[in-house]
Each structure stands twice: as C-alpha cells, then as structure tokens.
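Undergrad: Sequence unavailable; structure follows:
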C-alpha cells in the first residue's frame, strides 16, 4: 500500500488550488457521464492537476522535500530540473530496502524523467540496479510490480550485460523473463480470473505495473496488451463501484479500509480516472497521471451509470495454494487454486456483494459486504456493513505461504498485527458459507469446537442510524439511503470495535495509525455459537414509504432456520425469491441449485466474458468495447453521442 | 539502515563462544533470515548466507536475498556454488565472487539443493512449487514433476551410493526417482509433509526424516522402508535431522517445543538435550564434519549453539535473532 498520507498539508492545499482551478475537474457523483470529449477533458484536467501538484512539491530551497514521483514530474515537465536532480541524488544515496516497492518509483523516474536525467543520476541509477537485489516477493501484486519494473529498467539499457545487473542476467534475459511472466499472468487472469481479485487496497499495485508498461514499453504489442489489461481491471472496479467506493467482496482489505472504505487506493483512483468523489493525492495517483494512461470513455460511463439496479457475477480464483489445496482445487499450469464465485447486487444507492465463503485468500479476505451512498467525507465515512468469522491458523498460512507451520502465524502478524486476534475484521474462514440472490444473503457457520476464535462477528458502523433490536428477532438499521435487516440465528452480545484494544493501542504501525479517527464509535454483534448463521436483507429507502414500512415488510417474510444439526435456512426475500441454504450443500434459489459450473468470468448489463475466453466485452448503451487478449486487439464501436 | 540497526546486527552476528577452535578444513555457512528485529514489516531485517570465521564471527557471503534457504557446492568443481532462495536458484562459478540467477520466473521458493555425486552435472532442487533438475551443473533448470500428485516439497537427498536415485520429501510423504528426477513414485511412508531428509555420510544406507506432526523416521536400507523412531517426538514437527559423518550411531533431531533430541545408539534410544538452549524451538541441527562429535543447533530467533558432548552442554555460537533454514559445511572458498 502506498498511500502517502504523510504528504504535507501544504502540498495538499496546493493541489486543491490546482484542482479547483481546472474546469471539469470535480466529479459529480450522481452526474451521468458526458460526451467522449467531456470525459476526456475532465480526465486530462485531473491528470494535469496531479502533475502540477507534484511539480510544486519540489522546493528548490529545500532538498529534503519531495519524493520519486515529484522528481519524475519535474523532469517530465522540464521544470525545476536542478532541484529535482538534487533531490533525486539525496533519495537515491542510501542503499534501497524496499525490494519491488523500490523498483517502480525508480522506474517511474527513469521513464517519465528520462530526458531530464543528468550523467551523475544515470550513473547512480545504474549502480543501484547492479548492486541492490530487490526481492521478487511472494504475492501476485509483488510479481507484477517486480516484472513490469524490471522489464522497463532493462529496456532502458538494452545493451547492458550480466555484470551490470544485480542478478547476473543481461538486459535481454531480464526482459524475456519479465515478459514471460507478465504474458502468463495476463493469460491466466483473462481466462480464470485474477487471484488477488477486487482488492480496494491492492488494485493500485496492478494499475501501477500496467500503467508503467502501457506508458513506456517500446514493444507496441506488449504496450497495447498492458493497456488493455488495465482497461480490464478498471472495468472490474467500475462495474462494482458506487461514487468510487469499491463494493462487494474483496480478496484483500486492511482493517482501516474495511471500516472506512473511502480511504482505499481504489477510491483515489476512482477520482483520477472517473472523477468520482473527492480528490486524493497519493503516490499511485501521481504515477498513474505521469504514465499517460487514459481509460476508454466507456469505463467512466459504466462507473457512473447507476440508474437501474443490476447483478454483477464474476469468476475469480484464489491465490495459488502450495499445500492443503483441498479436493475442490484444480491446476492451471502447475499451480493449484480453487474458483471464487462473486455475486454483487448493484443498486443506485448501495452495493451488496459476496463470495461463497471459505479460505479464498490468506489474511485479509472480505467474504461479503454492503456499502451505501454517503455524503460524509471520505476520511471518516464508515458506510459499510459486513460479517466475518475471525479465523487464523497455520493451515491457512501454510496453504498460501512457504513458511513453517509453527512460525507462519507469528510472522504474518509481524506486519498484519490484527491477523491473530479475535476482533479482527478482515478474514476468510473454512467454516463460513454464504449465498446471495438479489439484495438478500444467507451466511451459515459450522465451527468445530477448539477453533481458535469460535466467533461470528457482524460489524455495525457508527454511521448506521436507527439501529433497532426488534422483538421479532430481526435487527434493523439504516445506512444512508439503504435499509438493512439482519436476523441472527444465535444470540450474541454487543462489543465495541477492536474490543481487545489491539489497534487502539497502536499495534501494527501504519495499520492502526489514526485509529481514533476511523476506528472509534463502531460496534460489533459477536456470537459465540458454533452452529450459527444469519440472514441479511437490504432495500433502498426510496422504495418504502417509511422505515417502519420496511420493517413491517421484512417481519412478514417467511423465514425458517435451524442450527440443531448442520445449519440451514430458507428465506423468502423481499423480491419474492426463495433462498435455501444448508451448510455443506449447494444453495438453491426458487428450488433450483445455483449453477457454479457455468459461472461467468463477467456477466452484467455492462460486460460479458466466459471462462477461458481471454476476452471481455464491455457495453454501455450503443457503445461497445471488445478486449481480445488472444488476438491482442481492441474493437470499439462508433459512439452515438455528440462529441 | 540506521547506525543503531547496524550495531544490533553486528551484535547479533557476533559469536560469543570460546575463541580457540580447531582449524577447520571447511567453512560453516548459515542460511538465515534475521526475523527477531522484524517489527511492523513483512520482511526480515536482513537475510542471506552468513559464513562463520575462524574466531566465530559471522559475515555476509553472497548476495543479500530474501528467503535464502540453503547452499550447495559442486563435488566436481568447488568453485561452483548454488544458492537456494525465494527468487530461484542463484549460481556462482567463481567461489562466490559473482552470482547469476539461473532460473526463470517459473521457479521460486527453492528450499533444498543436491548434486548427484556420481554425475555432478546433475543437480536436483526441491521447491515449494515442485522439484526441478539441472543436467549442466545448475546453469539451466527444468521442471521435474512427472509422477507426483502433489508438488510441494522442501527437502531431498541425492543418494550418494546410487547415481540417479533421488528421494524427495513432499506434502504427501516421500517419493523416489531412479532416473535422475525424470519420474517419481511414492515410497511407503506416512502421508505427511516431510520437512527434512538426510543421508548418512558414514553409512549411505542410513537415512533420517523429520516430518510435520509425525516425528522422526529412520531407514536402514537407503529409503526403501521406514520406521518411526524417537517416540517422545512422535507427534512433533521436526524441522531438522542430522546424522554424524563420523559415527553412524549418532543421530540428532530438532523441532518445535521439543528442542534437540540425540541418539548415540543408532536410534534405539533417544535423550532430550534441550537443557541449556534458551528455547526448545530448533530449526537446524547439524553435526560438524571437521570437529568430531560437535553438534550445532539453531533456535528460533534466540541464537545458535554448539555442543562438543552430544548436547549435554551448549556454547553460544552467535546469530542471535536469526531464523535459520540450513547449515552447510563447504570446502574453503577463500
């Protein structure tokens, strides 16, 4: 994560001046997208504002100010060159320590600032690539960052031999290895889904790698493919966003961002690319602006069009499983994974989305969530509602990491302090099964005795209004324009968020910074029953005459559940559909088993892709964009709108 | 890196044992990650190979790479070294002065390496994503997965007595190849993850395996049949096992919450030799080939120790704060 929250307020103020002075820069959340030309002008204005703010961050009188992207912006624009080079000399003086997280800022300077670098800077950069061995890391985003950066760094010195590289491989060899991985990753992603899917935090890492390639890869075909995949990943976000908030289920999200979703890198990208929400200046936004990547206008249309509710289904996969892959696992190449079935109900006022449950990702999984529209500032809006079975175990750790059974949990918690605590909020669980249809959801739990944290937690944000424990057993609440009904199957108790006090006391470093701002005031409904479950029904407030009318409608809904044996429930939702779920069995809707076998890679009114296709068709009104990775072509229809 | 961190690192790496030691023909290399000082970070403070000098000091050897797990030296050419790392196999042909990553993007999390003594151009490696092999001394590598239903592996032995015969510790017990890792078949062995597998230099028929949750297993017929040994560790995770190169009757195992157990009678009886270690969490045990009877043990982050009396007493061997993966004794590279 590379939010530069420590950036000085003065720079942010400057940035706001630039933004405010740029016509069309501000996003209007409810405003539909304009013409292609208007969309383009808006993006260019935001991009220019970001670059101008970056240039402003370099202070010729103070060489301690400014980062890599600020230097890159100055060199790209030909402004403050001497000061930028002086700053670059300072920040490149120490031996790097950040592995692949050092590589891409360095490469951004090398690419964006190529014309402005002087010989001492070039010499120092070459020396660092020769002497510093950046680790490739162990996650999908690490590898994309590593190889996209390595590819471009090698491209910039095509004749460099093995002795000029940290790894003893020539530029040609490094480029070939990097491209080999990236092409493989693109094939897998467009055939089986992303492994580190739909992460409000880690989407930026993919955007970074792909925007670097799309901006500066000299091989036209490769540059084109990288651009297409960034379009693809941004579509994945655009179709599940509400005002820039990333809705639905997520592979990875940090404790801060799960509570305050506006603080995600995705939200910042939503502003830059689509003008959604408030401007947020982050390092990633700077890099993306410098790269020159421009999203196709159809993506902004998809991101803004919330005129009608729709269902988005997506197929993803888990991170590669090294061990304990399980009987559901299948092999891609020589790596094991299991499918992830995503379902999101996107209403004009809220998004309720889920996956099927289970251990789909290590550490930071969010199996289901609800977000709603809010007028609160992004820095504090806690417009979310979700449930979790807090789980940690060496089984999970060794499934996804090459660590040792007895130390893996300990070492995970060195950087993800909340991982091994009972009040954690992001978590997958092997004892959780979720099914959703429309805006109703059933979650079931069958937790073996002896499980480390035998709890089921449902998060109640401080932003919820009118929380009402109804005599019927339902708990009602209102989240902005969304009415929420939650029916627990077993009793629980109310606890404050972070009830062990771990994050409140500052554990985890950046994870818990500012907890008093984002973490206070929430509470959780925590149930210790091992056989457990609940129903969630969400509805737009606009559809009811009053909150009481919604409650009455929910109370009247047929619901049967049992936790005597395997937990099960049958629920007739507000839309009349009957959901039936039994732990360990395939759920049914109106008596028909959910068809996981033919689950699409993408399917909604805005997009369609089948498993294995390596294609994505994006549509909006008369506009169509076909991304074909097998042929490396993009086909755009003629827009039927005024320029 | 701040001065304070450098100071801590220097202290951590400095051995504090007796200064006078026999002159060794070989040098001890430790593959370690310095995790003790890892706070609010997903990566250790330092990682790589450390070489132990004559006075017990430890110095970095080779590239500083995350996830360094082991080191191997070609029996045909002592200048050829192979490093097992998270980034792949890294190779030197000039005694460690220059290094080159020998594997591509497909290979990662390399945990163990073994040269085929009969045909040193053949090298085998266990990785968390499956075994690989080389037929040119580690310069290039190919996947070697045929016959395996599960690919995870982290230990292997190239049978010193039979060229081309390789035993592989997998997630699903042991597998054997008799065609230089061209194909594998399962060996009768519990279906558990094998954490460490070794062959005796004193008697190649003797092999010892440490497992995850099923303790130690001993073979007296070069891995054809196996039987459990050391009943006190029967359910332990044994991360390391070792056989004395001088005396086939001396065995040792190390593991989590069991410390070090030693046998001096070929595995018939075992004794807990954890007293004197700061914690009973041991990831490496190794008999010293140059000092008869010396046993090394490396604990989880609380230092490395050696004993010259089969574990009755322990001496500080430095590397405080380290999480070691392997100790390797190599012909001097100086």
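TA: Received, thanks. What you see is a predicted model; the values in this text were computed from it and never measured.
Undergrad: C-alpha only now, for contacts and for neighbours.
TA: Fine.
Undergrad: What about residue A:416? Give its phi and psi, please.
TA: phi -110, psi 80 (degrees, to the nearest 10).
Undergrad: and chain A, what are its domains?
TA: Recorded structural domains for chain A (assignment: automatic domain parsing) are A:9-303, A:344-558, A:607-636.
Undergrad: can you redo those domains as a markdown table with distance to residue B:316?
TA: Formatted as a markdown table, the domains of chain A follow (distance: least, CA to CA, whole Å):
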| stretch | distance to residue B:316 |
| --- | --- |
| domain A:9-303 | 30 |
| domain A:344-558 | 23 |
| domain A:607-636 | 57 |
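Undergrad: among those domains, which gets the worst mean confidence?
TA: Mean pLDDT across the domains of chain A is lowest at domain A:9-303; the value there is a mean of 93.
Undergrad: near chain A, which residues of the stretch 151-300 of chain B?
TA: Residues of the stretch 151-300 of chain B lying near chain A by CA under 8 Å from any CA of the partner chain: B:151, B:152, B:171, B:256.
Undergrad: For residue B:324, which of the domains of chain A is the nearest?
TA: domain A:344-558 (11.6 Å; CA to CA).
Undergrad: what distance separates the start and the end of that closest one?
TA: End-to-end distance of domain A:344-558 (CA to CA, to the nearest Å): 23 Å.
Undergrad: So which bits of the stretch 1-150 of chain A are right by chain B?
TA: A:133, A:134, A:135, A:136, A:137.
Undergrad: rerun at 10 Å
TA: Contact residues (CA under 10 Å from any CA of the partner chain) of the stretch 1-150 of chain A with chain B: A:94-99, A:131-138, A:143, A:147.
Undergrad: List only buried entries from those.
TA: Among those, those classed as buried by neighbour count (16 or more other CA atoms under 10 Å in any protein chain shown) are A:96, A:97, A:99, A:131, A:132, A:133, A:134, A:135, A:136, A:137, A:143, A:147.
Undergrad: Could I get those in a markdown table, plus columns for distance to residue B:123 and secondary structure?
TA: Converted to a markdown table, these look like this (distance: CA to CA, whole Å; DSSP: H, G, I helix; E, B strand; the rest coil):
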| residue | distance to residue B:123 | secondary structure |
| --- | --- | --- |
| A:96 | 33 | coil |
| A:97 | 32 | coil |
| A:99 | 29 | coil |
| A:131 | 28 | helix |
| A:132 | 28 | coil |
| A:133 | 25 | coil |
| A:134 | 26 | coil |
| A:135 | 24 | coil |
| A:136 | 24 | coil |
| A:137 | 25 | coil |
| A:143 | 27 | helix |
| A:147 | 27 | helix |
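Undergrad: so which of the residues of the stretch 1-150 of chain A next to chain B would you say is closest to residue A:518?
TA: residue A:98 (27.6 Å).
Undergrad: Distance check, the residue nearest to the closest one when sequence neighbours are not counted against residue A:163.
TA: Closest residue to residue A:98 apart from its sequence neighbours, by CA to CA, 6 or more residues apart in numbering or on different chains: residue A:134 at 7.3 Å. The gap separating residue A:134 from residue A:163 is 16 Å, by CA to CA.
Undergrad: circling back: so which of the domains of chain A is nearest residue B:165?
TA: Across the domains of chain A, closest to residue B:165 is domain A:344-558 (CA to CA), at 26.1 Å.
Undergrad: is chain B contacted by the closest one?
TA: Yes. Residues of domain A:344-558 contacting chain B under CA under 10 Å from any CA: A:401-407, A:411-417, A:507-511.
Undergrad: What subset of these is buried?
TA: Of the residues of domain A:344-558 next to chain B, these count as buried by 16+ other CA under 10 Å: A:401-406, A:411-417, A:507-508, A:511.
Undergrad: in the sheet, who's paired with the closest residue to chain A within the stretch 101-250 of chain B?
TA: Using CA to the nearest CA, the closest approach of the stretch 101-250 of chain B to chain A is made by residue B:101 at 5.4 Å. Beta bridges link residue B:101 to residue B:90, judged by DSSP bridges.
Undergrad: okay, now it: neighbour count?
TA: Counted by other CA atoms under 10 Å in any protein chain shown, the residues lying close to residue B:101 total 20.
Undergrad: what sits against the residue of chain A most remote from its centre?
TA: Distance from the C-alpha centroid of chain A peaks at residue A:119, with 39.3 Å (CA atoms, centre = their mean). Residue A:119 makes contact with residue A:125, according to CA atoms under 10 Å, 6 or more residues apart in numbering or on different chains.
Undergrad: follow-up on the earlier one: contacts only, for the residue of the stretch 101-250 of chain B closest to chain A.
TA: Neighbour list for residue B:101: A:166-169, B:82-83, B:85, B:87-92, B:139-140 [criterion: CA under 10 Å, 6+ apart].
Undergrad: and those, which of them are in helices?
TA: Applying DSSP state H to the contacts of residue B:101, no entry is found in helices.
Undergrad: Narrow these to those in strands?
TA: B:82, B:83, B:85, B:88, B:89, B:90, B:91, B:92 (DSSP state E).
Undergrad: can I assume residue A:48 is in contact with residue A:289?
TA: Yes. Under the criterion of CA atoms under 10 Å, residue A:48 makes contact with residue A:289 at 7.6 Å.
Undergrad: hmm, back to that, filter the ones in strands among the contacts of residue B:101 to the buried ones?
TA: B:82, B:83, B:85, B:88, B:89, B:90, B:91, B:92.
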